[in-house]
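[1] quick one, structure for this:
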Amino acid sequence: MTSIGSVTSTGDGAGVRRIDAPDGVRLVVPTMGTMASIRVDGPRGDTRGLEGRITAVVDRLDREFSRWDPRSPASAVAHGRLRLGDTSAEHRAVYALAIDWRNRSGGAFDPHRPDGTVDLAGIVKALAIERVGAVLDDLDAVGWVCNIGGDVLVAGTTMTGRPWTAGIVDPADRSSLIRRVRLLARHRAVATSGTAERGAHIWSPLGDQSTSERFVQASVVAADIVTADVLATAVMAGGATAAALAASEHGCVVLAVRPDGTTATWGLDRQLQTRRGAHAA
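    The predicted model follows:
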């Protein structure tokens, strides 16, 4: 533990970092193969053990749905050792939610891989963020931010009363931003899907698209993180048709990046503030 003035920083040796400051708490927690970065401004509730509560919520989902863990039910279903109908009620409910989103996205989002096996990764991370958000809501804070793997959900405002903002990284230059998004009450979540960091990992259940419709990155701003995350994946799979549907049917703001670096937007793009070249802090 280190202490500088009135700021106290702690770590547990497992990658968890916590900073307690007069205006709130900052946490960094390794989870789901990435990092969760959390900021809570002006909490009135008890923040003791907050990192443990967050880890418990996310790890529970990871144990159930990770296809990387050979012991998980998701892995057993994928490899034919367990029938989907024999999984837990929660597992079946998440699958049903994913199927509902397949219908609502015009088929662009699909929880089945091309080989027919079930893969719920496209919705589980968003559910983890949503459930962490419920934990943070209990703190009765002025505001908070939860960022897991670049997907962001916020509530309230900063301690100074300003709205939260999130940066959308340029896929061609990870040190720069192409836009800065102002997250407000009606649009308090943003998720980005793309090929820059993980390569081509998104399949299109709709078949080949025209070259003009293909994107290397898609960001969706929505009222909730599940909608944002699912539709960001759908836009990557379904192209401009899926982007237009996200804006017209789901009230989202969409920013997509074409292979040549040009961008296209759908929805109320006045929330997209900063132009290409801003520094990504």
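[2] contacts, neighbours, all on C-alpha from now
    OK.
[3] need the helices for the stretch 101-250 of the chain, in chain order.
    In chain order, the stretch 101-250 of the chain shows helices spanning 121-137, 225-250, with DSSP state H, counting those that start in this stretch as the criterion.
[4] at which residues are the strands of the chain located?
    Taking DSSP state E, the strands of the chain run over residues 2-4, 7-11, 17-21, 24-31, 34-41, 143-148, 151-156, 164-170, 173-183, 189-194, 217-222, 253-257, 263-266, 278-279.
[5] return the distance of the longest one from the chain's centre.
    Strand 173-183 has its average C-alpha position 15 Å from the chain's average C-alpha position, going by C-alpha atoms, centre = their mean, to the nearest Å.
[6] now that strand: average pLDDT?
    The average pLDDT within strand 173-183 is 93.
[7] now for it, which elements pack on it?
    strand 164-170, strand 278-279 (3 or more C-alpha pairs under 8 Å, 6 or more residues apart in numbering; DSSP states H and E).
[8] could those go into a markdown table alongside mean neighbour count, distance to K125 and mean pLDDT?
    Below are the helices and strands packed on strand 173-183 laid out as a markdown table (neighbours: other C-alpha atoms under 10 Å; distance: least, C-alpha to C-alpha, whole Å; pLDDT from 0 to 100):
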| stretch | mean neighbour count | distance to K125 | mean pLDDT |
| --- | --- | --- | --- |
| strand 164-170 | 22 | 18 | 95 |
| strand 278-279 | 14 | 27 | 44 |
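[9] if we can go back for a sec, of the helices of the stretch 101-250 of the chain, which is nearest G156?
    helix 121-137 (9.9 Å; C-alpha to C-alpha).
[10] mind checking pLDDT for D208?
    Confidence score, pLDDT, at D208: 54.
[11] could you do the one 3 residues further on as well?
    For T211, the model assigns a pLDDT of 42.
[12] same check on A74?
    For A74, pLDDT reads 98.
[13] these two touch, right, it and G80?
    No. Using C-alpha atoms under 8 Å, A74 makes no contact with G80, being 9.9 Å away.
[14] if we can go back for a sec, would you list the helices and strands packed on strand 173-183 in TSV and tack on distance to V135?
    Putting the helices and strands packed on strand 173-183 into TSV (distance: least, C-alpha to C-alpha, whole Å) gives the following:
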stretch	distance to V135
strand 164-170	19
strand 278-279	32
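[15] quick one: closest of those to P259.
    strand 164-170 (11.7 Å).
[16] between the closest one and strand 151-156, how big is the angle?
    160 degrees (axes from the mean of the first three to the mean of the last three C-alpha atoms, to 10 degrees).
[17] what lines up beside strand 164-170 in the sheet?
    Each strand paired with strand 164-170, and its direction, by DSSP bridges: strand 173-183 (antiparallel).
[18] got any ranges where the protein has weak pLDDT?
    By pLDDT under 70, the low-scoring segments of the chain are 1-14, 196-212, 269-281.
[19] could you measure from the closest residue to V253 other than its chain neighbours over to V254?
    Once flanking residues are discounted, V253 sits nearest to G267: 4.5 Å by C-alpha to C-alpha, 6 or more residues apart in numbering. Note on G267: its distance to V254, by C-alpha to C-alpha, to the nearest Å, is 6 Å.
[20] hmm, A189 is touching S219, no?
    No. Counting by C-alpha under 8 Å, A189 stays clear of S219, with 10.4 Å between them.
[21] give me the more crowded residue out of A74 and G80.
    Each of A74 and G80 has its neighbours counted (other C-alpha atoms under 10 Å); A74 has more, 29 against 11.
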